[in-house]
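1. Structure, please.
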Amino acid sequence: MTLAILMPLRSADDLQPETERALRLHTPEHRLFQVVGLPVDQARNVLTEQVLALPNPPDVVLWIDSDAFWGAGAIEALLSTMERHPNYAMMCGAFSMRSPNFPLVAYLDAEGTNSLRPVPIGQRGGNCFLGDVVQIAVAGFHFAAVRTAALRSLGPEPFNVHGATEDFSFCRQVHEAGLEIACATGIVVGHLDADTGLCFAPGQPPYIVQNGVARSIEERDVAGLRARGVKVTQTRQGLLTEYRSPNRSRGYGTAVERFYGRSDCSPQERFKISA
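-> Reported below is the predicted structural model:
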């Protein structure tokens, strides 16, 4: 399967250094398209138009956010999973908001109603284990692949905002077209937080990314984390970090409510996690 990577950027300095490094290390054979300075919905529509206008468009487009972190083989694993599951028009990796209390930005609409259920990792009973491919209702575009044929079938400007964020609006159009979305939970993608210097991922404690390598929080990191407003305490289980996150993530819960009329999964403002 051929692939193009699409990345909207709010500004020229919006790209996180470790995301830029991951692009250089893990995507040299794929075409990269970026649009800088437009509102995100407009940027996604422009990128869509550019790719569909290519003489030989790729089989799949992969949307990657400017603060994503992924390791070697993640893109290839996502493409391979899509090849094994041709019934899905769109497939995302597992990722979190910048808080472990909101572990996976993907939702299962199990009853076929407008009732959202989050898909936490590590539990059964309507949820999933790490590694499962799970059909979902909506997904953020942090690390999301869409088949080009499906993208073309949605018509011009598929990222128009209709009472929700642009990614939720896109997912709604996917469903209205009779297409399906899945999350490949075994492909875990980090979410870099410039405010704290931490990276968050589902089912994992916060970690540090340096020079393209992920590692656990260590004693040498404590002073820097505290300077960024992170409370760090030594416990028997290791270093405990506590951080009162900005309310930026609450807007996501609001978007869920606008999209489906209710929200059962608003992110919590405060969290504690062992590192």
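2. Show me which positions of the biggest helix by length in the chain end up buried.
-> In the chain, with assignment by DSSP state H, the single longest helix is helix 40-52. Neighbour-count burial for helix 40-52, counted by 16 or more other CB atoms under 10 Å, picks out V40, D41, Q42, A43, R44, N45, V46, L47, T48, V51. No exception for glycine: its C-beta is placed from N, CA and C like everyone else's.
3. Next, report how far it is displaced from the centre of its chain.
-> Distance of helix 40-52 from the chain centroid (CA atoms, centre = their mean, to the nearest Å) equals 18 Å.
4. what pairs with the helix or strand following it, and is each one parallel or antiparallel?
-> With elements assigned by DSSP states H and E, the helix or strand that comes after helix 40-52 is strand 60-64. In the sheet, strand 60-64 lines up against strand 3-9 (parallel), strand 143-147 (antiparallel) (DSSP bridges).
5. helices and strands around the helix or strand just after strand 60-64, which ones?
-> As assigned by DSSP H and E, the chain's next helix or strand after strand 60-64 is strand 68-69. Contacts defined by 3 or more CB pairs under 8 Å, 6 or more residues apart in numbering; DSSP states H and E place strand 68-69 against helix 17-26, strand 190-193.
6. For the last one, enumerate the helices and strands it packs against.
-> I take that to be strand 190-193. Strand 190-193 sits against strand 68-69, strand 198-200, with contacts defined as 3+ CB pairs under 8 Å, 6+ apart.
7. same check, this time on the first one
-> Using 3+ CB pairs under 8 Å, 6+ apart, the elements in contact with helix 17-26 are strand 68-69.
8. Ranking helices and strands of this protein by mean pLDDT, which lands last?
-> strand 270-274 (a mean of 21; mean pLDDT, DSSP states H and E).
9. can you tell me how far the residue lying closest to W70 once chain neighbours are set aside sits from V134?
-> Closest residue in space to W70, ignoring its immediate chain neighbours: V189 at 4.9 Å, by CB to CB, 6 or more residues apart in numbering. Distance, V189 to V134, by CB to CB, to the nearest Å: 15 Å.
10. Those two: which is more packed in?
-> More crowded of V189 and V134, by other CB atoms under 10 Å: V189, with 24 against 19.
11. Check what pLDDT the more buried one gets.
-> pLDDT for V189: 89.
12. Below-threshold pLDDT in the stretch 101-250 of the chain: ranges please.
-> Along the stretch 101-250 of the chain, segments meeting pLDDT under 70 span 101-130, 162-164, 203, 234-250.
13. Show me the strands in it, by range?
-> Ranges of strands in the stretch 101-250 of the chain, per DSSP state E, counting those that start in this stretch, are 106-108, 117-118, 133-136, 138-139, 143-147, 181-188, 190-193, 198-200, 208-210, 213-215, 231-235, 238-244.
14. out of those strands, which comes closest to C171?
-> Shortest distance between C171 and the strands of the stretch 101-250 of the chain, using CB to CB, is found for strand 138-139: 4.2 Å.
15. May I have the strands that pair with the closest one, each with its orientation?
-> Strand 138-139 has its sheet partners listed here by DSSP bridges as strand 106-108 (antiparallel).
16. in a strand, that's where E76 is, yeah?
-> No: read with DSSP: H, G, I helix; E, B strand; the rest coil, E76 is helix and lies in no strand.
17. can you tell me how far it sits from F69?
-> Plainly put, E76 is 16 Å away from F69 if you go by CB to CB.
18. The two: which has the busier surroundings?
-> Using other CB under 10 Å, the more surrounded residue of E76 and F69 is F69, with 23 against 13.
19. what about the closest residue to that one other than its chain neighbours, neighbour count?
-> Excluding its sequence neighbours, the residue lying closest to F69 (CB to CB, 6+ apart) is G190, at 3.6 Å. When neighbours are defined as other CB under 10 Å, G190 has 28 of them.
20. same question, R172
-> A count of nearby residues for R172, using other CB under 10 Å, gives 17.
21. Remind me what the longest helix of the chain packs against, helices and strands.
-> Applying 3+ CB pairs under 8 Å, 6+ apart, we find helix 40-52 packed against strand 3-9, strand 31-36, strand 60-64, helix 148-153, helix 166-176.
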